[in-house]
Structures are given as C-alpha cells and as structure tokens.
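Asker: only geometry, no sequence info:
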C-alpha cells in the first residue's frame, strides 16, 4: 500500500521542496520574533498570538504561521495518493492562513478577528496530530518512521491537552501561568511532526502483503 500514488515522483519532489522550505522558514521566523521581542513578551505566560504586538517585528509571527501553512501543504502535495491526508492538511493550511490574516486583539473583549484567530489555531493544532496518525497507520509495523510519528503525535496531544486545560480556572494557578510554555512546546512539536511526515513521504513505502499460498502439486 503506497502512500504516494502511482507515478508521483515529480509531484512528491515539489511537495518535499515546498514542505521543507516552509517548515525551516517558519522555525527561523518564530525564533527571530522571540529574540527581537524578548524584552516585550513574556514567553512563559503569554500565548504565541501576543507576538504580533512586538514593535516593528510583529509581522514575523504571521509570516511564520504562513510558512507553517506552506509546510503542511507541502506534505499534502507529497502524499499524492492519500486523499484523507491531503484534505486534513489542506484544512490545516487554511486555518494557518486564517491565524495569520486575522490577528488577536491586545486587550478587552475578543473581537471577531480574535475569535477567528483562536478557533482556527485550535483546529490547526488539533488536526496536525490527526494527519500524523493517518500517515503512521499506513507505514509498516516496526518502521522507524512509524514509531517517530506515533511518539510525536502522543507528545503533541499531551501538550495540547495541557494548553487547553490551562485556560480553565479549575487548574492550579501554577499550571495556568505556564500556558505560554505549553503553546510554544506544542508549536515546536508540531513542526517536528510535519517534518517527520515529510520524511515518511520522501521514499516510497509499502506495507508488506503476505504472498498467496502456492498450490501443492501431487504426482498422480
């Protein structure tokens, strides 16, 4: 069972180039806005969305998210023969674009733009591990890529759960104060998961199918 489709080498190559370029630029831009905004943003307690308010460099946050969208789209292009995966990653890419285009507001009640931003980010963060599972289940048991994807999916899922629960008052205040750490860890993990998906689609991987039992010829 091939996750790429037939005669998909040129398409896969374009997807890999788009995907790796997008993921690398996303990481570089996100790191850059953290460095230049280190004196303005609380990386422990504030969410990534607050980076848009870094003086003069807030655009780097949106650019990073757009590059993440390109990375997700690249995986979908490379996985030419896997329609559910392509649709899932297509939604991830669209949500990342919405996150970049509709920023949150700095204070006061959430605006319509901030609501779109929040829900689009939630959907994107939720669907990346789902996409990783779709790839993992089509890889052979015992394959290193399969194990890596499953570990990455588990890690991203746990961090996502911690981030979501940190917004509820029932959680200890110490946990709520770490929401920035949770979201940043989740972002890094999800970039890693997308990169692992690209590696899995970089080579034709097939699931071994047992050969049919040969008939036994009995001499008359």
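Answerer: All right, it came through fine. Note that the coordinates shown come from a computational prediction; the quantities given were computed from them, not determined experimentally.
Asker: now the helix or strand hosting residue 197: average pLDDT?
Answerer: Using DSSP states H and E, residue 197 sits within helix 179-201. Averaged across helix 179-201, pLDDT comes to 91.
Asker: identify each buried residue in it, please.
Answerer: In terms of neighbour count (16 or more other CB atoms under 10 Å), helix 179-201 has its buried residues at 179-201. In short, each C-beta sits where N, CA and C put it, glycine included.
Asker: can you give me the helices for the chain?
Answerer: Here the chain has its helices, by DSSP state H, at 9-36, 59-78, 83-101, 112-136, 144-165, 173-176, 179-201.
Asker: other SSEs contacting the helix-or-strand element of the chain with minimal mean pLDDT?
Answerer: One helix or strand of the chain scores below all others by mean pLDDT, DSSP states H and E: helix 173-176, with a mean of 77. Contact partners of helix 173-176 among helices and strands, from 3 or more CB pairs under 8 Å, 6 or more residues apart in numbering; DSSP states H and E: none.
Asker: make 859 the starting number, not 1.
Answerer: Will do, 859 is the new start, and the previous item becomes helix 1031-1034.
Asker: now what about that helix, what contacts it?
Answerer: With contact meaning CB atoms under 8 Å, 6 or more residues apart in numbering, helix 1031-1034 is reached by 1020, 1023, 1024, 1025, 1027.
Asker: let's see it at 7 Å
Answerer: residue 1024 (CB atoms under 7 Å, 6 or more residues apart in numbering).
Asker: one more: stretch 961-973?
Answerer: So stretch 961-973 is contacted by 907, 910, 911, 960, 975, 976 (CB under 7 Å, 6+ apart).
Asker: 8 Å instead?
Answerer: By CB under 8 Å, 6+ apart, stretch 961-973 touches 907, 908, 910, 911, 920, 960, 975, 976.
Asker: ok so, going back, need the helices of the chain in JSON lines with distance to residue 903, can you?
Answerer: Below are the helices of the chain laid out as JSON lines (distance: least, CB to CB, whole Å):
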{"stretch": "helix 867-894", "distance to residue 903": "14"}
{"stretch": "helix 917-936", "distance to residue 903": "17"}
{"stretch": "helix 941-959", "distance to residue 903": "20"}
{"stretch": "helix 970-994", "distance to residue 903": "17"}
{"stretch": "helix 1002-1023", "distance to residue 903": "12"}
{"stretch": "helix 1031-1034", "distance to residue 903": "8"}
{"stretch": "helix 1037-1059", "distance to residue 903": "5"}
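Asker: between those helices, which one is closest to residue 900.
Answerer: Proximity to residue 900, assessed across these by CB to CB, is greatest for helix 1037-1059 (6.5 Å).
Asker: any idea of the angle the closest one forms with helix 867-894?
Answerer: Here helix 1037-1059 runs at an angle of 160 degrees relative to helix 867-894 (axes from the mean of the first three to the mean of the last three CA atoms, to 10 degrees).
Asker: what's helix 1037-1059 packed up against?
Answerer: By 3+ CB pairs under 8 Å, 6+ apart, helix 1037-1059 packs against helix 867-894, helix 917-936, helix 970-994, helix 1002-1023.
Asker: good, wrapping up.
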